[in-house]
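Engineer: I would like to see how this sequence folds:
(2 chains)
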2 protein chains.
Amino acid sequence: MKVLIAGMDGYLGWTLSMYLTNRGHKVVGVDNFSRRKNVKEIGSWSATPIRNMDERTKAFKEVHGKNIEFYEGDLREYHFVRGIIKKYKPDTIVHFGEQPCAPYSMIDVDHALFTMTNNIVGTMNILYAMHQVSPHTHLLKLGTMGEYGTPNIDIPEGFFEIEYKGRKDKLPFPRQAGSWYHQTKVHDTDNIMFACKIWDLRSTDIMQGVVYGTRTDDMIDERLLTRFDFDEVWGTALNRFCAQAIIGHPLTPYGLGEQKRGFLALRDSMQCLTIATENPPDKGEYRVFNQFDETYTINELAETVQKVGKKLGYDVGIQHPENPRVEAEKHYYNPHHEKLYKLGFKPVHPLEKELKIMFKDLEKFKDRILAKKERIMPTVYWRK
Amino acid sequence: MKVLIAGMDGYLGWTLSMYLTNRGHKVVGVDNFSRRKNVKEIGSWSATPIRNMDERTKAFKEVHGKNIEFYEGDLREYHFVRGIIKKYKPDTIVHFGEQPCAPYSMIDVDHALFTMTNNIVGTMNILYAMHQVSPHTHLLKLGTMGEYGTPNIDIPEGFFEIEYKGRKDKLPFPRQAGSWYHQTKVHDTDNIMFACKIWDLRSTDIMQGVVYGTRTDDMIDERLLTRFDFDEVWGTALNRFCAQAIIGHPLTPYGLGEQKRGFLALRDSMQCLTIATENPPDKGEYRVFNQFDETYTINELAETVQKVGKKLGYDVGIQHPENPRVEAEKHYYNPHHEKLYKLGFKPVHPLEKELKIMFKDLEKFKDRILAKKERIMPTVYWRK
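Structural biologist: A predicted model of the protein is given here:
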């Protein structure tokens, strides 16, 4: 299949580009490098010393013997988006090309508006271009489990059948997102659902859990590593904890640490996204997958990192900073996630095994984590 | 009370400015005149020959002896929004300052993106400015009944208590909006609800039905008239039908005409918005009012206009153009609307009585409607 990857330079984008290419798909990517700029802006960097896209694609060709095409460009520019989609008429567009970070979106009004407009405009441009020049294309869009918030009832995969005052309907499950970033994903969801309805487009909207991990099997050369963020803004809970453990910084579950979320290893995310790519929805179909493997509380994650770290000889402490976010710290959480399993998803990497690989990988870049250790404790507060 | 009206130059904005001022409130307004520009862009104009804001405020002073303050400015500019809110610290901001038109948002990608960014950025700027410089302010935000779409169950006022798989919660009612414009109102709703939660702001989100009418009692001088749109893009169903009847153009209920919507006379809209202004929610409270008087099918409206027109000596035909929109033409529709009635709303103007006033008013501007009669039949198609 021909696959266009928007946001190819990112954590998942680069990883999936290699993964799909090695499965025999033809992969083309675009990126405007905003992630690199935005991480630099807050004074941080990737623990892994990532190469630029030229070096990456050359190294991939050298190591794996296959081509990955890349174009620099901005999804906010309609003519660029339309041009690339018209040229390649991809079977699938995997859309990672958004500002993906909750704390970054909460810094101030400028960051909130950058996140809103960047994410909404980019997705709208893709939808219009698909409608105009490539209506058969399947849009595989990255959303987040965070769109749902933490309701006191089960969370279905996108839609639920309900009875209300004696009548029944199947409706979109209400969204209660917890940051401006998460809100943009809800806005995208609404916009994509509507585009599929009026223009008969096809889309899979992925409500993804938090992804963790340093590698996939394609990264057999250091030049092929993907980025790994660990600071308070860009680092997600488990990745950040591993980096903290490596440098002897106490792990930092926020508040009570009883917040529960869905998690997924990087290599399992690749498996899921590949399943969605290779099993497209019908014309006009809008479907939602809840994409995660297991749910854990943040405390459970911290304790698991501590346990694995101790086995490997690290002295790992835990402390609980005041929660910078506004979120329920104790709540019911039972999201459903059957659809990907029915299509063949078999998570193969349990948490502890993956954590051992992560410790081993990150130990090599301990100095890079140490160099930015003042960017680990939270400074971005939701209420500020 | 001190009231800031965003979008003071519009159909509802100008009308409410006079209404609240005459009730003794201190009213300040802002507008960037985008509505005038955007109506001109599609080759149309207001049936009523509206004055510019200078003339309007001077005429109001002359006729009613009171001041209405006005500032030209754009809600997309944060420093402007913050400055005006900081200066006046209004008790209420009534936010009409958005691109309010479904067909305009559906013209092409540029119009879709203008609508998305204009509406989302303006509202975000207001929320941030309230948080930063005037957290006591009540944001009275115009949404639309169109946010809900036409589900097969009753539509509550914003939230509903449901049982799902044996557990209960009170959740936002799912939104299924029918145009890019309507989607922006859903995005605003999500953003405002979140801002109230994290920043303890207070807001009333008005899900308003279609408003019709040419006047309120404040318009005792022609210089004080508000705009009245009748073309296929900017004219809403009932207002457009009246203008059609005046010039002998057949009324144009789209498709089957069995689409049902909530409607409200302009003077009743003023009454509702005043009730909401004078009965603000608590700090941190986000509440939703479904603001309409009666529900009608589009055919019922057309037949009522025909009936009233015939009584007044007009020969009124009806024809059904192909529906340019993508919408259910036969559907269940039972939205609740108790909250405003509980606060004292008493709709005083039944449809037929109001229609007679509209015919009389519009007859004076028949030539202005005739001059733009080629802009009445639909040209903006959702699927195009």
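Engineer: need the contact list for the residue lying closest to A:K310 once chain neighbours are set aside.
Structural biologist: Using CB to CB, 6 or more residues apart in numbering or on different chains and skipping the chain neighbours, the partner closest in space to A:K310 is A:V316 (6.3 Å). In short, each C-beta sits where N, CA and C put it, glycine included. A:V316 makes contacts with A:245, A:250-251, A:305-306, A:309-310, as judged by CB atoms under 8 Å, 6 or more residues apart in numbering or on different chains.
Engineer: Tell me if A:V316 really is in a strand.
Structural biologist: No - according to DSSP: H, G, I helix; E, B strand; the rest coil, A:V316 belongs to no strand; its state is coil.
Engineer: Dihedrals phi and psi, it?
Structural biologist: Per-residue torsions, A:V316: phi -110, psi 120 (degrees, to the nearest 10).
Engineer: cool, A:T92 as well?
Structural biologist: Backbone torsions for A:T92, taken as degrees, to the nearest 10, come to phi -140, psi 140.
Engineer: And A:T295, by the same measure?
Structural biologist: Backbone torsions of A:T295, given as degrees, to the nearest 10, read phi -100, psi 140.
Engineer: wouldn't it be in contact with A:R261 here?
Structural biologist: Yes - counting by CB atoms under 8 Å, A:T295 does reach A:R261; the two are 6.6 Å apart.
Engineer: shared neighbours of those two, which are they?
Structural biologist: Counting by CB under 8 Å, 6+ apart, the common neighbours of A:T295 and A:R261 are A:209, A:333.
Engineer: Compare these two (neighbour count), which wins?
Structural biologist: Neighbour totals were compared for A:T295 and A:R261, and A:R261 leads with 21 against 16 (other CB atoms under 10 Å in any protein chain shown).
Engineer: So the more buried one: helix, strand or coil?
Structural biologist: strand.
Engineer: What pLDDT does the model give it?
Structural biologist: A:R261 carries a pLDDT score of 97 in this model.
Engineer: list the contacts for it?
Structural biologist: Counting by CB under 8 Å, 6+ apart, A:R261 has contacts A:145, A:209-210, A:237, A:295-296, A:298, A:333.
Engineer: change it to 7 Å
Structural biologist: Applying CB atoms under 7 Å, 6 or more residues apart in numbering or on different chains, we find A:R261 in contact with A:145, A:209-210, A:295.
Engineer: Specify which member of those residues is nearest to A:G255.
Structural biologist: A:V210 (16.6 Å; CB to CB).
Engineer: tally of neighbours for A:K61?
Structural biologist: Here the count is done by other CB under 10 Å, and A:K61 has 12 residues near it.
Engineer: wait, A:Y71
Structural biologist: Residue neighbour count, defined by other CB under 10 Å, stands at 15 for A:Y71.
Engineer: Just want the phi and psi numbers for it.
Structural biologist: According to degrees, to the nearest 10, A:Y71 has phi -130, psi 130.
Engineer: so it makes contact with A:V81?
Structural biologist: No - applying CB atoms under 7 Å as the test, A:Y71 and A:V81 come out as separate, 11.0 Å apart.
Engineer: Let me see the contact set for the closest residue in space to A:F114 that isn't next to it in sequence.
Structural biologist: Nearest residue to A:F114 in three dimensions, chain neighbours excluded: A:Q99, at 6.6 Å (CB to CB, 6+ apart). Contact analysis of A:Q99 by CB under 7 Å, 6+ apart lists A:34, A:105, A:114-115, A:118-119, A:181.
Engineer: that older thread, where does the residue nearest to A:K310 sit relative to A:D367, distance-wise?
Structural biologist: The gap separating A:V316 from A:D367 is 19 Å, by CB to CB, to the nearest Å.
Engineer: how deep is the residue nearest to A:I50 when sequence neighbours are not counted tucked in, by neighbour count?
Structural biologist: Distance criterion CB to CB, 6+ apart; nearest residue to A:I50, sequence neighbours excluded, is A:R227 at 4.9 Å. Neighbour count for A:R227, taken as other CB under 10 Å: 21.
Engineer: next one: phi and psi at A:R227?
Structural biologist: When read as degrees, to the nearest 10, the backbone of A:R227 gives phi -70, psi 160.
Engineer: That one against A:P49, yeah?
Structural biologist: No - the criterion here is CB under 7 Å, and A:R227 misses it with A:P49 at 9.5 Å.
Engineer: my guess is A:G29 is in a helix, correct?
Structural biologist: No - secondary structure of A:G29 (three-state DSSP): strand, not part of a helix.
Engineer: For A:L224, which non-adjacent residue is spatially closest?
Structural biologist: A:A59 (5.8 Å).
Engineer: measure the one you found to chain B for me?
Structural biologist: Relative to chain B, A:A59 is positioned 37 Å away (CB to the nearest CB, to the nearest Å).
Engineer: which SS state does that residue fall under?
Structural biologist: Classified using three-state DSSP, A:A59 is helix.
Engineer: surely it meets A:E222?
Structural biologist: No - using CB under 7 Å, A:A59 makes no contact with A:E222, being 9.0 Å away.
Engineer: If you count surrounding residues, which of those two has more?
Structural biologist: Legend: neighbour count by other CB under 10 Å for A:A59 and A:E222, higher for A:A59 (15 against 12).
Engineer: For the more buried one, list the residues it contacts.
Structural biologist: Contacts of A:A59 by CB under 7 Å, 6+ apart are A:51, A:221, A:223-224.
Engineer: Make TSV from those residues and add secondary structure, pLDDT and distance to B:D217 to it.
Structural biologist: Shown next, in TSV, are the contacts of A:A59 (DSSP: H, G, I helix; E, B strand; the rest coil; pLDDT from 0 to 100; distance: CB to CB, whole Å):
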residue	secondary structure	pLDDT	distance to B:D217
A:R51	coil	98	71
A:D221	coil	96	78
A:R223	helix	98	76
A:L224	helix	98	74
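Engineer: and the two most separated of the residues you listed?
Structural biologist: Pairwise distances among the contacts of A:A59 were taken by CB to CB; the largest, 10.0 Å, belongs to A:R51 and A:D221.
Engineer: okay, these two: which has more neighbours?
Structural biologist: Between A:R51 and A:D221, counting by other CB under 10 Å, A:R51 is the more crowded of the two (16 against 12).
Engineer: And A:I5, how close does it get to chain B?
Structural biologist: Counting by CB to the nearest CB, the gap from A:I5 to chain B is 22 Å.
Engineer: nearest residue to that residue other than its sequence neighbours?
Structural biologist: In this structure, A:I5 finds its nearest non-sequential neighbour in A:G29, 4.3 Å apart by CB to CB, 6+ apart.
Engineer: show me the residues around the one you found that make contact.
Structural biologist: Contact partners of A:G29, counting by CB under 7 Å, 6+ apart, are A:5, A:8, A:13, A:17, A:68-70.
Engineer: Out of the residues you listed, which end up buried?
Structural biologist: With burial judged by 16 or more other CB atoms under 10 Å in any protein chain shown, the buried subset of the contacts of A:G29 is A:5, A:8, A:13, A:17, A:68-70.
Engineer: count of residues packed around A:K66?
Structural biologist: 15.
Engineer: got it, and A:I153?
Structural biologist: Neighbour count for A:I153, taken as other CB under 10 Å: 20.
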